[in-house]
Structure formats: C-alpha cells, structure tokens
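>>> below are the sequence and a predicted model; questions follow.
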Amino acid sequence: MKITILNLTLIITSFALVSCGDDSGSTPVPTPTTTTEYSGVISESVTWTKDNVYELSGRVVVPSGVTLTIEAGTVVKAYPGQEANACALIVARGGKLMAEGTAAEPIIFTTTADQITNTHTNYPGFANLDESYKGYWGGLIVLGNAEISADANQKQIEGIPASDSNGLYGGSDNSDNSGVIRYIQIRHGGTLLGDDNEINGLTLGGVGNGTTIEYVEVIGNVDDGIECFGGSVNIDHALVWAQGDDAFDIDQSYSGTINNFMGIADAESDHALEIDGPEGSMVGQFTMSNGTLKGFNSNGGEYADFRKEATGTLSNTYFYNFSCSSDFEIDGSTNTNGANSLTFSNLEFNTSHLADSCKNMVSVICDDQTGSSANFNATDVLTASVGADESKFTSWTCYYREN
Ligand SMILES: [Ca+2]
Ligand SMILES: [Ca+2]
Ligand SMILES: [Ca+2]
Ligand SMILES: [Ca+2]
C-alpha cells in the first residue's frame with residue numbers, strides 16, 4: 001500500500017492578539033494550519049511537526065529502513081476503523097520512531113473525536129473527552145528484533161492480521177534500536193478485535209534495549225495499558241490510567257526493567273499487573289521497581305496475577321485502594337525455572353480503607369503462593385515508604401492535571 005497524504009483542510013492562520021496595536025502581550029501562538037492524513041506504509045523518512053495535525057486512517061506503518069520523527073507538541077489523531085482495519089501506528093522491525101516530546105510539550109496520540117490541540121487552553125490535559133472514553137482507535141505498536149520466548153523465534157503481534165508481515169516481531173538482537181519515545185500520551189485507544197486479538201495502548205513486541213522509552217502515559221485504553229511481548233527494552237516513568245484490562249502486562253519472557261511506574265484503576269480495570277511466563281525455551285527475567293498502584297475500591301481492579309512460570313523481580317511497590325475481593329495471585333504448584341526465580345521485595349499494601357474482616361490482606365492474597373519458587377516480602381502499611389517518584393509525572397500527564 002502506498003501512502004496517501006491529503007491536505008484536508010487549510011485553516012486560516014489566526015493569531016490570538018486582542019488588539020493589533022498592542023505589542024506588549026505574549027507572543028501569539030499560531031493555530032495548526034494543516035491537517036494531513038496518513039494511511040498504509042510510509043515510504044520514506046518524514047518529520048511530523050507541531051504546526052500540523054496528523055490524522056491516521058487504518059494501519060499506518062513505519063517499515064524497515066524508515067524513520068518517523070515527531071516534533072514535541074505534535075498532536076496525532078486516529079480514525080476509528082473496524083476489526084482488521086482498526087487504526088494503529090505500527091513501527092515495524094527495522095523501522096524507527098523518534099517521538100521526543102518534552103514535559104512542556106508532550107506528543108499526544110488520540111482519537112479524531114478528541115478536540116485537544118497544542119493550542120487548547122488545557123493542553124496537555126483534556127478537552128472534550130476524559131479517561132472514561134475508551135476504544136476509539138487502536139494504539140501504538142512498536143516491534144523489534146530482540147529475543148522473545150515463544151514457539152517460534154518470530155511471531156505475529158496481536159491485533160494485526162496474519163497477512164500483514166509488518167506485524168512480525170522477535171529475533172536475536174537484544175540491543176536492537178527502535179528509536180526514542182519520550183513524553184508521550186496515548187489516549188482513548190484499544191479497539192477490540194475479538195478473542196486474543198487486542199490492541200493495547202502501547203504494545204512492545206521484541207523491542208530491544210537500544211530503544212529509549214521514558215515518560216509515557218496511557219489513558220482510557222480498553223485493553224492493557226502497556227504490554228511487553230518478550231524483548232529487552234527498559235521503560236522509565238510510565239503511568240497507566242483507567243485501563244480496561246491490566247495496567248502493565250508482560251509475556252514471553254520480557255527481560256527489561258520497568259522503573260518508576262504508576263497504575264490507576266477505574267471500575268472497568270482488571271489487574272494492575274499481569275505477568276506470564278515463557279512460552280518457549282528462552283527464560284528471561286523481568287524487573288519492575290518503584291511502582292505505585294491504585295485499585296478501585298468498590299468493584300474494579302485486582303492487585304496482580306503472576307501466571308505459571310513467571311520469572312523475575314517486583315520490588316519497592318505500593319498498592320492502595322484495592323477492594324476486599326482483590327487478589328494477588330501466584331499460579332502453578334511448581335516453577336521449573338528454579339527456586340527463588342520469582343522474587344517480591346519491599347511490597348507495601350495499604351488496606352486501611354477496608355472493613356476489619358478484609359484487612360489481613362497479605363495472607364489472603366498469597367493463598368496461591370508456591371513455597372520456594374516465590375519469595376514474598378510484604379507489609380501492610382498506613383503510609384507508603386516505597387513507590388513511584390510522582391514528581392516525574394506531575395507537570396505533563398493528564399492524570400495529574402485532572403486530579
Ligand atoms: Ca493485551
Ligand atoms: Ca487481565
Ligand atoms: Ca492483559
Ligand atoms: Ca498478557
């Protein structure tokens with residue numbers, strides 16, 4: 001498929017000067033002048049600039065050998081699409097995304113129904129849509145050549161039809177570089193495609209640790225906020241708010257580090273953490289540290305589900321506001337990856353909001369713990385002494401702007 005670029009609208013540039021004769025005011029900010037629509041494969045490297053609005057239709061692919069650069073402050077809006085034609089931005093293996101926002105000017109990926117622009121008075125907060133609006137488009141999918149643990153050394157990513165080879169991920173290069181993602185928001189995505197065929201806010205398939213991912217917020221996604229299918233990329237400063245499934249989901253022996261993370265559940269959320277084990281012979285170790293995870297006390301949001309053979313370390317993480325029925329589950333009677341291959345340290349649970357009968361959470365939630373294969377070190381607290389450094393999120397996320 002070739003790229004189509006349509007200049008849909010040309011809005012007369014307007015400057016927000018109250019009086020033409022008054023030159024003492026602040027510098028006027030031009031409104032975006034052009035809306036540019038993309039669909040299909042981007043055939044050559046291109047830069048998207050903040051003076052335009054970019055609209056995505058169907059799958060938009062950054063293929064091998066091509067770099068998509070997105071300027072700080074750029075707003076990218078996606079059309080809804082249906083099922084196999086759901087709208088997503090896909091960085092294929094060998095392609096690069098250089099999306100370098102700043103705290104003052106994050107890059108926003110959202111739906112065409114969202115009226116936010118970089119000149120909106122509430123940018124980068126909400127315009128007309130809040131976190132409850134979900135599933136208006138797909139999401140951002142980055143695929144790389146790093147190792148995955150699966151029944152083959154490359155797989156087709158969820159949500160992309162098997163006929164599209166740009167959906168393949170996995171390989172042997174753990175230092176693979178898919179670019180830079182910094183200060184971005186991903187809003188209102190997660191179009192459902194059917195069973196086991198879902199789009200997360202940020203999907204990372206076999207992404208290597210030459211890639212930089214830091215300061216990411218996912219808001220109101222139907223499925224998971226961030227899901228890692230194998231790969232070795234590290235993620236710093238990630239916040240997921242009001243996801244429909246899990247805030248952070250790990251599969252296929254993801255072996256990177258997620259450091260300084262937050263998950264804020266709503267009534268529709270499932271687990272804060274859902275961690276699966278290897279699906280092939282490669283056994284990788286995930287590392288998650290310095291997290292703050294908020295449940296939804298009345299009915300939504302479980303703590304965590306560590307599925308059979310999950311292998312790695314969760315440390316310095318604070319859980320609060322979860323419901324009485326929430327569980328912290330460790331599946332399987334044995335972990336053949338070796339004793340102590342799943343380690344929890346310095347976990348704190350605040351259950352002070354619950355009825356007395358619900359307060360002994362640590363023993364309740366570990367009822368599926370499996371002896372030496374999982375070390376558990378947790379305390380019930382009133383005030384957190386571990387958790388995320390929230391100062392990394394306060395100035396640029398919707399969550400902190402709106403709460
Ligand atoms: Ca998912
Ligand atoms: Ca789940
Ligand atoms: Ca999930
Ligand atoms: Ca999963």
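Sure, I can see it. Everything numeric here is computed off the predicted structure, so don't read it as measured data. Ligands and ions are numbered 1, 2, ... in the order given.
>>> near ligand 4, which residues of this structure? Just list them.
249, 251 (Cβ under 5 Å from the ion). For every residue, glycine as well, the C-beta is placed using N, CA and C.
>>> C-alpha coordinates for the lengthiest strand in the chain, PDB please?
Looking across the chain with DSSP state E, the single longest strand is strand 52-62. Extracted in PDB, the C-alpha atoms of strand 52-62 (Å, rounded to 0.1, in the frame of the first residue of the first chain):
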ATOM      1  CA  ASN A  52       0.100  20.400  11.700                       C
ATOM      2  CA  VAL A  53      -2.500  17.900  13.000                       C
ATOM      3  CA  TYR A  54      -1.900  14.400  11.700                       C
ATOM      4  CA  GLU A  55      -4.800  12.000  11.100                       C
ATOM      5  CA  LEU A  56      -4.300   8.200  10.800                       C
ATOM      6  CA  SER A  57      -6.600   6.000   8.900                       C
ATOM      7  CA  GLY A  58      -6.400   2.300   9.200                       C
ATOM      8  CA  ARG A  59      -2.900   0.800   9.800                       C
ATOM      9  CA  VAL A  60      -0.100   3.300   9.400                       C
ATOM     10  CA  VAL A  61       3.300   1.500   9.200                       C
ATOM     11  CA  VAL A  62       6.800   2.800   9.700                       C
END
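>>> what's the distance between that strand and the middle of its chain?
Chain-centre distance of strand 52-62: 19 Å, with Cα atoms, centre = their mean, to the nearest Å.
>>> where's whichever residue of the stretch 201-350 of the chain sits closest to ligand 1 relative to ligand 3, distance?
Going by Cβ to the ion, ligand 1 is nearest to residue 224 of the stretch 201-350 of the chain, at 4.1 Å. As judged by Cβ to the ion, to the nearest Å, residue 224 and ligand 3 stand 4 Å apart.
>>> ok, now residue 173?
For residue 173, the distance to ligand 3 equals 26 Å [Cβ to the ion].
>>> per-residue confidence for the closest residue to that residue other than its chain neighbours?
Excluding the flanking residues, the one nearest residue 173 by Cβ to Cβ, 6 or more residues apart in numbering is residue 145, at 4.3 Å. Predicted confidence (pLDDT) for residue 145: 98.
>>> surely residue 145 and residue 168 touch.
No - using Cβ atoms under 8 Å, residue 145 is not in contact with residue 168; the gap is 9.8 Å.
>>> more neighbours, the two?
For the pair residue 145 and residue 168, the greater number of neighbours falls to residue 145 (26 against 20), based on other Cβ atoms under 10 Å.
>>> show the contacting residues for the residue minimising distance to the centre of the chain.
By Cα atoms, centre = their mean, the chain has its centre lying nearest to residue 226, at 3.2 Å. Shown in contact with residue 226 (Cβ atoms under 8 Å, 6 or more residues apart in numbering): 200, 201, 202, 204, 216, 218, 235, 238, 240, 247, 248, 249.
>>> for the second one, phi and psi?
Meaning residue 201. Here is the backbone geometry of residue 201 (degrees, to the nearest 10): phi -60, psi -60.
>>> contact partners for it?
139-140, 186, 189-190, 218-219, 221, 223-226, 240, 243.
>>> redo the contacts of residue 226 as JSON lines? Include secondary structure.
Below are the contacts of residue 226 laid out as JSON lines (DSSP: H, G, I helix; E, B strand; the rest coil):
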{"residue": "200", "secondary structure": "coil"}
{"residue": "201", "secondary structure": "coil"}
{"residue": "202", "secondary structure": "strand"}
{"residue": "204", "secondary structure": "strand"}
{"residue": "216", "secondary structure": "strand"}
{"residue": "218", "secondary structure": "strand"}
{"residue": "235", "secondary structure": "strand"}
{"residue": "238", "secondary structure": "strand"}
{"residue": "240", "secondary structure": "strand"}
{"residue": "247", "secondary structure": "coil"}
{"residue": "248", "secondary structure": "strand"}
{"residue": "249", "secondary structure": "strand"}
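>>> in CSV, list those residues along with pLDDT.
Converted to CSV, these look like this (pLDDT from 0 to 100):
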residue, pLDDT
200, 96
201, 97
202, 98
204, 98
216, 99
218, 98
235, 99
238, 99
240, 98
247, 98
248, 98
249, 98
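>>> neighbours of the closest residue to ligand 3 within the stretch 1-150 of the chain, how many?
Using Cβ to the ion, the closest approach of the stretch 1-150 of the chain to ligand 3 is made by residue 139 at 13.0 Å. When neighbours are counted by other Cβ under 10 Å, residue 139 registers 32.
>>> so how far is residue 226 from it?
The gap separating residue 139 from residue 226 is 10 Å, by Cβ to Cβ, to the nearest Å.
>>> what is in contact with those two at once?
In contact with both residue 139 and residue 226: 200, 201, 202, using Cβ under 8 Å, 6+ apart.
>>> now flag whichever of the residues you listed is closest to ligand 3.
So of the shared contacts of residue 139 and residue 226, ranked by how close each gets to ligand 3 (Cβ to the ion), first place is residue 200, at 7.7 Å.
>>> and the closest one, how many neighbours does it have?
31.
>>> surely residue 271 meets residue 307?
No - using Cβ under 8 Å, residue 271 is not in contact with residue 307; the gap is 10.5 Å.
>>> settle it for me: which of these two has more neighbours?
Neighbours were counted for residue 271 and for residue 307 using other Cβ under 10 Å; residue 271 has more, 27 against 15.
>>> check contacts around that one.
Residue 271 makes contact with 245, 246, 247, 301, 302, 303, 304, 305 under the criterion Cβ under 8 Å, 6+ apart.
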